[in-house]
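Peer 1: next come a sequence and a model predicted from it.
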Amino acid sequence: MSIHSAGEKPSNKMPNDNWSKYIGFGSQLIVGLLITLYVGKKLDEYFNKHSFFAWLTPSLFILFVLIAVVRDTQSKK
């Protein structure tokens, strides 16, 4: 007994595994944000600031990641 309907041909294509690179990128992004948040909080304690570095370091991280993504995805001429 076949799992395909009568008019359907079985596909010989392998499933697309592109999702795995997005999971890896997402994991790196989350870990990077957590690390920069931790470093920002420690800098706030050291310099006796109130949430300045805790906002600054993750924001700079996101900015640099966005710049790297744009550079990596631009077409090569």
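Peer 2: Looks like it arrived, so ask away. Numbers count the residues shown, from 1 in each chain.
Peer 1: from now on I want contacts and neighbour counts done on CA atoms only, so please keep to that.
Peer 2: Noted.
Peer 1: what segments of the protein are helices?
Peer 2: Listed in chain order, the helices of the chain (DSSP state H) span 19-47, 52-73.
Peer 1: for the shortest one, which positions count as buried?
Peer 2: Along helix 52-73, these residues count as buried under the neighbour rule (16 or more other C-alpha atoms under 10 Å): 53, 54, 57, 58, 61.
Peer 1: can you redo those residues as CSV with distance to residue 32 and pLDDT?
Peer 2: Shown next, in CSV, are the buried residues of helix 52-73 (distance: C-alpha to C-alpha, whole Å; pLDDT from 0 to 100):
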residue, distance to residue 32, pLDDT
53, 15, 96
54, 13, 96
57, 10, 97
58, 8, 97
61, 8, 98
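Peer 1: go through those residues and name the one nearest residue 21.
Peer 2: Proximity of these to residue 21 (C-alpha to C-alpha) peaks at residue 61, which lies at 19.8 Å.
Peer 1: now do the contacts for that closest one.
Peer 2: Shown in contact with residue 61 (C-alpha atoms under 8 Å, 6 or more residues apart in numbering): 32, 33, 36.
Peer 1: pipe those residues into CSV and attach pLDDT and distance to residue 70 per row.
Peer 2: Shown next, in CSV, are these (pLDDT from 0 to 100; distance: C-alpha to C-alpha, whole Å):
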residue, pLDDT, distance to residue 70
32, 97, 18
33, 97, 19
36, 98, 21
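Peer 1: from these, which is closest to residue 49?
Peer 2: Residue 49 lies nearest to residue 36 out of those, by C-alpha to C-alpha, at 16.0 Å.
Peer 1: the residue nearest to residue 52 when sequence neighbours are not counted: neighbour count?
Peer 2: Nearest non-adjacent residue to residue 52, counting by C-alpha to C-alpha, 6 or more residues apart in numbering: residue 44, 6.6 Å away. Residue 44 has 17 neighbours, counted by other C-alpha atoms under 10 Å.
Peer 1: before we move on, what about the one 3 residues further on?
Peer 2: Applying other C-alpha under 10 Å, we find 11 other residues in the vicinity of residue 47.
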